[in-house]
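[1] next input, structure requested:
(one chain, ligands or ions: 1)
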Amino acid sequence: MERLTPEKHFPVPSSPLPSTLTSKAEYTPFAMQFARFFTILVHVGVSLATLVDLDSSPELGKRFLSQKFESSQEVVPQGLLSLVVSLKSIPRNGSSFSRPEDQTDPQVHASNQSINLSSGKVLGGGSAVNGLVWSRPPKRDWDDFAQLGSPGWDWETLFKSSRKSETVNAPAAPFAREYGYTIEPTSHGHSGPVDASYPPFIPLQYLKFIDAALELGHPLNPDPYAGNNTGVSFSLSSQTPQNTRETSEFAYLDPVLHSENLLVCIHALVTKLDISSAPKGQIKSTGVEVKFPDGSLVSVKIKSHGEVILSAGAIRTPQLLELSGIGNKEILRKLNIPVKLDLPGVGENYKDHPITIMTYKLKPPFLSFDAFAINATLKQEQQELYEKKRLGWLTFAQGVLNFATAQTILNEKELQMADKLLQIKPDGISQEEFDLTKKKIFDGIPQVEYFMFNTFSAGSNKENNTNYVSLAISTHHPLSRGSIHINTTSIDDHPKINPNVLKSEWDTWFLAKATAYGRRFSETVSFKEIIDEEVFPGLDVQTDEQWQQFIKDTINIDVKSWMT
Ligand SMILES: Cc1cc2nc3c(=O)[nH]c(=O)nc-3n(C[C@H](O)[C@H](O)[C@H](O)COP(=O)(O)OP(=O)(O)OC[C@H]3O[C@@H](n4cnc5c(N)ncnc54)[C@H](O)[C@@H]3O)c2cc1C
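    Reported below is the predicted structural model:
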């Protein structure tokens, strides 16, 4: 059941806005792929709503914004208006990949690589471009948030919210039987806005990966959603029962688009928050500045009882705060930005999950997505199967995950080495967070995620007419900390991003060990049935030093580079 067609999705507004303000061109998949986008919510006391395309109708947009947001109480009698400023929307069933937008500084501990970082520059943000994995962390990870000073971010509260957000759709009986899908009702929500479903198709190599994990002693986890995600399991995808992508836009914005008190502005950019003084030396945000495609700026003010919710993601939130005068005063003063609040923590303590990858050649006749480049008929058949019946290869995003503990992948001697390496707290991480992380490692909370890409993903030796699969390895609790800061006064410029990848000795040692362990999957009887050879990094890499060099040379923090 397709919930909303594009027409319903962005209904042509009734008065007073002319329908030219709603452009169906917004649904062009390719245009969308290169869209910049921004989302800022401004809640104000007015009553009117619809979608405004500031690109095609800048003058109208400006008039509309200034009339509706800066107007007096008499003109705008009542009601709550939410403004979402963005640039694009994605097609309802589109697979939407924008190109990586940001790059890190050269990473001195990782062979000086600058690493790509992608974001979803579109309504829906990352949920419009991500890998669709719908997962939950172990209980301990969320409890640690609360422990570290964020009351209300504990497992119990977030588990409840997380269930409230989702509707988990029961798989059709034949697929449940074929793959052994199980849904434990108490672990899930059944009436929330976000659809999550199991795919009706799992490639054979993923099933072999499960077998390989079991052979190596990883447990099979029938319910990784209730606080214990250790082991290998099927993963839900954030997709509808028709196997179309779910996004936060579709789940949360679509259902209220008809509202009289919501305005969505596209082709717009928020450049900074307006900040005013508040009693007792505090500050408050009184609005935002919106930039139009022609470069002109409109100040959008909120009423005294309104609020600005800044939710610009991990990279753009610190950028916007600093541009607005909230951040480390030294950084702001260097750029002549008036300091509204000296808050040195802004942009600090940045961590991101490092990922490495190994690539394997599949034995004929096993096929991966590489077959689409080889066999146009197969590609067309699969596309038709997806379009007409929502079945086949294209329903599959990422259906199998394996969360492993340090105790599963390290031997006794290596665990002693781990203990030794973890005696010293690296720079940049607080003592409290370090202690909690260390405890998780030794308490057997999962530390590494193994998952597959159904394609050739890394290496330089790709052969034509050959199918490959790749194994990704990602460590969950890196100790290195970095920062994200502005170095210009323009929202159009990239912030300076330095995750300090592999700065901590533990991060390098453990990721190298976890990656080396990855080879063991390919040595199992189950995996050997389908793979021919490891082509990346290849069997020349054997020693600890070689694995460490391999991860330094090839590390990533953005799966996008490898996703097809
Ligand atoms: C390639 C990729 C694959 C991923 N795969 C998965 C996965 O499979 N499973 C999973 O759970 N997670 C995955 N993630 C991570 C997940 O998508 C993000 O953690 C999540 O989207 C973050 O949500 P957010 O609201 O914090 O930020 P975002 O989703 O980034 O949203 C921030 C919003 O703010 C907007 N914004 C930015 N700057 C401004 C500005 N100046 N003014 C106004 N608005 C602004 C952005 O345009 C965006 O719409 C993936 C991420 C990527 C990039």
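[2] three-state assignment of His477?
    What DSSP: H, G, I helix; E, B strand; the rest coil gives for His477 is coil.
[3] just give me the neighbour total for the closest residue in space to it that isn't next to it in sequence.
    Excluding the flanking residues, the one nearest His477 by Cβ to Cβ, 6 or more residues apart in numbering is Thr437, at 4.9 Å. No exception for glycine: its C-beta is placed from N, CA and C like everyone else's. By the criterion of other Cβ atoms under 10 Å, Thr437 has 21 neighbours.
[4] show me how far the one helix or strand Thr437 maps to is from its chain's centre.
    Assessed by DSSP states H and E, Thr437 sits inside helix 431-442. Relative to the chain's own centre, helix 431-442 is displaced by 25 Å; criterion: Cα atoms, centre = their mean, to the nearest Å.
[5] outside of it, which residues touch it?
    140-141, 144, 147-148, 406, 418-419, 422, 425-426, 429, 447, 477, 479 (Cβ atoms under 8 Å, 6 or more residues apart in numbering).
[6] again, only this time at 10 Å
    With contact meaning Cβ atoms under 10 Å, 6 or more residues apart in numbering, helix 431-442 is reached by 138, 140-141, 143-145, 147-149, 349, 351, 405-407, 410, 415, 418-419, 422-426, 428-430, 445-447, 476-479, 481, 504, 506, 510.
[7] among those residues, the buried ones, what's the PyMOL command?
    Burial among the contacts of helix 431-442 is assessed by 16 or more other Cβ atoms under 10 Å; the matching PyMOL selection reads:
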select buried, resi 138+140+141+143+144+145+351+405+406+410+418+422+425+426+428+429+445+446+447+476+477+478+479+481+504+506+510
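[8] which residues touch whatever residue of the stretch 351-500 of the chain ends up closest to the ligand?
    At 5.4 Å from the ligand, Ile491 is the closest residue in the stretch 351-500 of the chain, using Cβ to the nearest ligand atom. Ile491 sits next to Phe38, Leu269, Val270, Thr271, Lys272, Glu289, Lys291, Arg316, Gln319, Leu320, Leu323 when contact means Cβ under 10 Å, 6+ apart.
[9] in helices only, show me these.
    Judged by DSSP state H, helices contain the following of the contacts of Ile491: Arg316, Gln319, Leu320, Leu323.
[10] reformat those residues as JSON lines; add distance to Asp532.
    Putting the ones in helices among the contacts of Ile491 into JSON lines (distance: Cβ to Cβ, whole Å) gives the following:
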{"residue": "Arg316", "distance to Asp532": "44"}
{"residue": "Gln319", "distance to Asp532": "46"}
{"residue": "Leu320", "distance to Asp532": "49"}
{"residue": "Leu323", "distance to Asp532": "52"}
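[11] and of these, the nearest to Asp370?
    Of all those, Asp370 sits closest to Arg316, with 34.6 Å by Cβ to Cβ.
[12] that closest one touches Pro495, doesn't it?
    Yes: assessed by Cβ atoms under 10 Å, Arg316 is found in contact with Pro495 at 7.8 Å.
[13] need the strands for the stretch 151-300 of the chain, in chain order.
    166-169, 194-197, 231-234, 236-237, 262-266, 269-278, 282-291, 297-301 (DSSP state E, counting those that start in this stretch).
[14] which of these sits closest to the ligand?
    Once the strands of the stretch 151-300 of the chain are compared by Cβ to the nearest ligand atom, strand 269-278 is nearest, at 3.2 Å.
[15] ok, the closest one: who's next to it in the sheet?
    In the sheet, strand 269-278 lines up against strand 282-291 (antiparallel) (DSSP bridges).
[16] tell me the buried residues in the partner strand?
    Buried residues in strand 282-291 (16+ other Cβ under 10 Å): Ser285, Thr286, Gly287, Val288, Glu289, Val290, Lys291.
[17] let me see the mean pLDDT of stretch 254-269.
    Mean per-residue pLDDT for stretch 254-269: 78.
[18] let me fix that: stretch 374-387
    94.
[19] put the alpha carbons of that stretch into CSV.
    What follows is stretch 374-387, C-alpha atoms only, in CSV (Å, rounded to 0.1, in the frame of the first residue of the first chain):
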residue,chain,number,x,y,z
ILE,A,374,27.6,-7.6,-16.8
ASN,A,375,24.1,-8.7,-17.8
ALA,A,376,21.7,-6.0,-19.0
THR,A,377,18.9,-8.4,-19.3
LEU,A,378,19.2,-9.5,-15.7
LYS,A,379,19.3,-5.9,-14.6
GLN,A,380,16.2,-5.1,-16.6
GLU,A,381,14.3,-8.2,-15.3
GLN,A,382,15.1,-7.3,-11.7
GLN,A,383,14.1,-3.7,-12.2
GLU,A,384,10.8,-4.8,-13.7
LEU,A,385,10.3,-7.3,-10.9
TYR,A,386,10.8,-4.6,-8.4
GLU,A,387,8.6,-2.0,-10.2
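[20] what does it contact?
    93, 201, 243-244, 367, 369, 371-373, 391-395, 464-467.
[21] for that stretch, buried residues please.
    Neighbour counts over stretch 374-387 (16+ other Cβ under 10 Å) mark Lys379, Gln382, Leu385, Tyr386 as buried.
[22] what does stretch 106-126 give?
    Buried positions in stretch 106-126, judged by neighbour count with 16+ other Cβ under 10 Å: 107, 109-110, 113, 115-126.
[23] ok, which of these also contact the ligand?
    Among the buried residues of stretch 106-126, proximity to the ligand is found for Ser118, Ser119, Gly120, Lys121, Gly125, Gly126 (Cβ under 6 Å from any ligand atom).
[24] now for those residues: which two are most distant?
    Across those (Cβ to Cβ), the longest gap, 11.3 Å, separates Ser118 and Gly125.
[25] dump the residue contacts of the most centrally placed residue in the chain.
    Most central in the chain under Cα atoms, centre = their mean is Gly126, positioned 4.7 Å from the mean C-alpha point. The neighbourhood of Gly126, defined by Cβ under 10 Å, 6+ apart, consists of Ser118, Ser119, Gly120, Thr247, Ser248, Gly313, Ala314.
[26] can you rerun that using 6 Å?
    Gly126 is in contact with Gly120, counting by Cβ atoms under 6 Å, 6 or more residues apart in numbering.
[27] ramachandran angles for it?
    phi -60, psi -30 (degrees, to the nearest 10).
[28] mind listing residues that contact the helix ranked longest in the chain?
    Longest helix in the chain, counting residues (DSSP H): helix 505-522. The contact list for helix 505-522, computed with Cβ under 6 Å, 6+ apart, reads 212, 216, 354, 356, 358, 360, 409, 421, 448, 471, 473, 475, 478-480, 502, 527, 531, 534, 547-548, 551.
[29] which of the ones next to the ligand among the buried residues of stretch 106-126 fall in helices?
    For those, not one is inside helices, with DSSP H as the criterion.
[30] point out the least confident one among those.
    Lys121 (79).
[31] restricted to helices, list the contacts of helix 505-522.
    If you go by DSSP H, the contacts of helix 505-522 have Ala212, Ile409, Leu421, Phe527, Trp547, Gln548, Ile551 in helices.
[32] ok so, going back, can you put the strands of the stretch 151-300 of the chain in a markdown table and add distance to the ligand?
    Output for those, formatted as a markdown table (distance: least, Cβ to the nearest ligand atom, whole Å):
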| stretch | distance to the ligand |
| --- | --- |
| strand 166-169 | 12 |
| strand 194-197 | 11 |
| strand 231-234 | 14 |
| strand 236-237 | 8 |
| strand 262-266 | 10 |
| strand 269-278 | 3 |
| strand 282-291 | 8 |
| strand 297-301 | 12 |
